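Participant: could you work out the structure for the sequence below:
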Amino acid sequence: MRLFHGTDKRIIHPDCQAGRDDLDFGKGFYTTLLREHAEGWARQVAFNNRTNTPVVNVYEFDKDSALAEHRPNHQMTFLKQELVDKHLTFVESIKI
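Facilitator: Residues are numbered from 1 along each chain as shown. Prediction:
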């Protein structure tokens with residue numbers, strides 16, 4: 001799976017602790033499946049840092065290997081009410 005990270009420098013070895021606490025999900029290494037999204041972030045970071053060097057770093061992620069090692073719980077967390085309001089539709093309640 002190809003992933004993209006927008007910034008203002010080349011990052012060969014990402015560091016999950018290098019991020020800021022005040023981001024959407026806290027510290028972490030943020031990537032996207034969408035190159036265009038990463039390009040937008042790269043331009044913004046380069047502008048904010050006054051470097052004028054937007055860079056999109058491209059990574060290959062072996063999701064099959066990662067899933068085998070880390071046993072996902074298959075949960076999805078919504079942190080933005082807008083997503084819930086616009087894109088989550090109630091279907092039914094199931095008594096168990």
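
Participant: what's the spacing between residue 27 and residue 37?
Facilitator: Taking CB to CB, to the nearest Å as the criterion, residue 27 is separated from residue 37 by 20 Å. (Each C-beta comes from the backbone N, C-alpha and C, glycine too.)

Participant: what bridges to residue 58?
Facilitator: With DSSP bridges applied, the residues forming beta bridges to residue 58 are residue 4.

Participant: next one: it, what pLDDT does it get?
Facilitator: Confidence at residue 58, expressed as pLDDT, is 94.

Participant: check contacts around it.
Facilitator: When contacts are counted by CB atoms under 8 Å, 6 or more residues apart in numbering, residue 58 is found next to 2, 3, 4.

Participant: ok, these vs residue 95, which is closest?
Facilitator: Residue 95 has its nearest neighbour among these in residue 3, at 40.7 Å by CB to CB.

Participant: report how many residues lie close to that closest one.
Facilitator: Under the neighbour criterion other CB atoms under 10 Å, residue 3 is assigned a count of 18.

Participant: ok, and the closest non-adjacent residue to it?
Facilitator: residue 31 (4.0 Å; CB to CB, 6 or more residues apart in numbering).

Participant: any low-confidence regions in the protein?
Facilitator: Of all residues in the chain, those with pLDDT under 70 make up the ranges 25, 67-68, 70-79, 96.

Participant: strands along that one, start to end?
Facilitator: Read by DSSP state E, the chain holds these strands, from start to end of the chain: 2-7, 55-60.

Participant: out of those, nearest to residue 86?
Facilitator: Each of those was scored for nearness to residue 86 using CB to CB, and the closest is strand 2-7 (24.5 Å).
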